[in-house]
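> Pasting the sequence and the predicted coordinates here, then a few questions.
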Amino acid sequence: MEYGGVYLDHDFLALKNIERLLGYNSFVMASEETNEIRLSNALIASSKDNLILSEVLHNMGLPENNQKFVTVATGPVLWTNSLKSYLLSHYVKGLVLYHPKYLFPCLTIKGLNCGSFSEEYIRKQYPDCFLFHSYYTLWWDATKKEEL
């Protein structure tokens with residue numbers, strides 16, 4: 001918060017320089033869904049002392065968000081609800097929400113195992129994509145094995 005910066009999940013494949021996506025915007029995220037806005041916290045870019053980020057961090061500490069389910073406690077549900085609530089009462093300059101094709105092209109086709117694609121295939125199939133999110137495919141199996 002004090003400095004701002006970029007957060008990315010570790011299961012992204014960098015395809016293009018993201019500076020063009022970030023530009024001079026004060027807050028950048030991407031939507032996971034094409035039919036409705038559902039923010040993904042897999043990519044968060046924020047300027048120093050950003051009020052939207054402050055709002056989300058505040059909401060994480062509220063009792064109603066203290067859930068067992070990560071999507072509600074710290075994930076997409078919390079981020080989406082917090083941003084919608086914030087936008088109802090604040091004018092925001094420099095907010096950008098990107099279409100999934102730039103970061104999450106796998107979401108547009110349900111049932112795909114995104115982690116099985118080669119980089120060559122991804123570059124050819126998704127030319128607009130800056131960062132390719134493979135969704136938990138790099139760590140999910142290891143996590144499940146640890147639980148057994």
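Noted; the coordinates are in hand.
> Report the contact partners of the closest residue to A42 other than its chain neighbours.
The shortest distance from A42 to any non-neighbouring residue, by Cβ to Cβ, 6 or more residues apart in numbering, is to D9 (4.2 Å). In short, each C-beta sits where N, CA and C put it, glycine included. Counting by Cβ atoms under 8 Å, 6 or more residues apart in numbering, D9 makes contact with 42-43, 133.
> Also S46?
S46 sits in contact with 1, 4-5, 26-28, 52-53, where contact means Cβ under 8 Å, 6+ apart.
> returning to that earlier point: by neighbours, which of the contacts of D9 wins?
Counting neighbours by other Cβ atoms under 10 Å, the top entry in the contacts of D9 is H133, with 25 neighbours.
> May I ask which helix or strand encompasses the nearest residue to Y86 once chain neighbours are set aside?
Ranked by Cβ to Cβ, 6+ apart and with sequence neighbours excluded, the top spatial neighbour of Y86 is E55, at 4.8 Å. Here E55, judged by DSSP states H and E, is contained in helix 51-60.
> max-length helix in the protein?
For the chain, the helix that runs over the most residues, judged by DSSP state H, is helix 76-89.
> C-terminal to that one, what's the next element?
Following helix 76-89 in sequence, per DSSP H and E, is strand 95-98.
> Let's see which of the contacts of S46 end up in strands.
Cross-referencing the contacts of S46 against strands under DSSP state E gives 5, 27-28.
> For PyMOL, write a command that selects the buried ones of those.
Only the buried entries of the ones in strands among the contacts of S46 go into this PyMOL selection, using 16 or more other Cβ atoms under 10 Å:
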select buried, resi 27+28
